[in-house]
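Below are the sequence and a predicted model; questions follow.
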Amino acid sequence: MDSRREGRYERVYEQLRELIEGASPSLISAMATICAVLHAKMPHHFWTGFYLVGGDDVLHVGPYQGAVACQTLEGGGVCLHAARTGRPVVVPDVAAFPGHIACDARSKSEVAIPVMSGDEVVAVFDVDADEPGQFDDEEVRLLTRILGLLDPYL
Ligand code: SME
């Protein structure tokens, strides 16, 4: 990751900490604020949002920024894979991921990170980029740090 992007993530974390800590009234409010700031400040975030566990092996769209998204995810795809395994998924080329669900054909790479409440996956945070190869383990680490701001609400 280049240092400009890393610096942006650092500033976004501090901004979100001030906005959320002791101020966001609910989990959904905090999620919406994370999406709004990341989407505005990170140039490679083409779509930024949460899917909420909506039932057994089903995800429902939650707070997000970007083009209108699939309302329900079921049967497979990147986000469900993250929900099923409880592990982050980095997808450098969405066309090469079996079962990838293309809500928007312009998405070329993607990262999905489960949001846990104890041992249970309650949501998946998903970012799409319109260029391939935009995400790696370092990106997962920086996004996971930001998602830690949700912990008091989980
Ligand atoms: N590509 C995702 C679907 C959600 S969108 O990218 C907004 C998937 O395969 O689960």
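That came through fine.

Could you give the number of residues near residue 46?
For residue 46, the neighbour count with other CB atoms under 10 Å is 22. (C-beta placed from N, C-alpha, C; glycine too.)

my read: it touches residue 130, true?
Yes. Assessed by CB atoms under 8 Å, residue 46 is found in contact with residue 130 at 4.3 Å.

so what sits against both of these two?
Taking CB atoms under 8 Å, 6 or more residues apart in numbering as the criterion, residue 46 and residue 130 both touch 106-107.

so who does the closest residue to residue 24 other than its chain neighbours touch?
Nearest non-adjacent residue to residue 24, counting by CB to CB, 6 or more residues apart in numbering: residue 30, 3.9 Å away. Residue 30 makes contact with 20, 24, 149-150, 153 under the criterion CB under 8 Å, 6+ apart.

How many residues are close by whichever residue of the chain sits closest to the ligand?
Nearest residue of the chain to the ligand: residue 77, at 3.0 Å (CB to the nearest ligand atom). Other residues near residue 77 come to 25 when the count uses other CB under 10 Å.

these two touch, right, it and residue 99?
Yes. Using CB under 8 Å, residue 77 is in contact with residue 99, at 5.4 Å.

re earlier: mind listing what the closest residue to the residue of the chain closest to the ligand other than its chain neighbours touches?
Residue nearest to residue 77 in three dimensions, not counting chain neighbours: residue 101, with 3.8 Å by CB to CB, 6+ apart. Neighbouring residues of residue 101 by CB under 8 Å, 6+ apart: 70, 73, 76-79.

so does stretch 98-108 get close to the ligand?
Yes. Counting by CB under 6 Å from any ligand atom, the ligand is contacted by stretch 98-108 at 100-101, 103, 107.

Let's have these in TSV, adding pLDDT.
Converted to TSV, the residues of stretch 98-108 next to the ligand look like this (pLDDT from 0 to 100):
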residue	pLDDT
100	95
101	96
103	92
107	97
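
Now that we have those, can you turn them into a markdown table and tack on secondary structure and distance to residue 113?
Shown next, in a markdown table, are the residues of stretch 98-108 next to the ligand (DSSP: H, G, I helix; E, B strand; the rest coil; distance: CB to CB, whole Å):
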| residue | secondary structure | distance to residue 113 |
| --- | --- | --- |
| 100 | coil | 16 |
| 101 | coil | 17 |
| 103 | coil | 17 |
| 107 | coil | 16 |
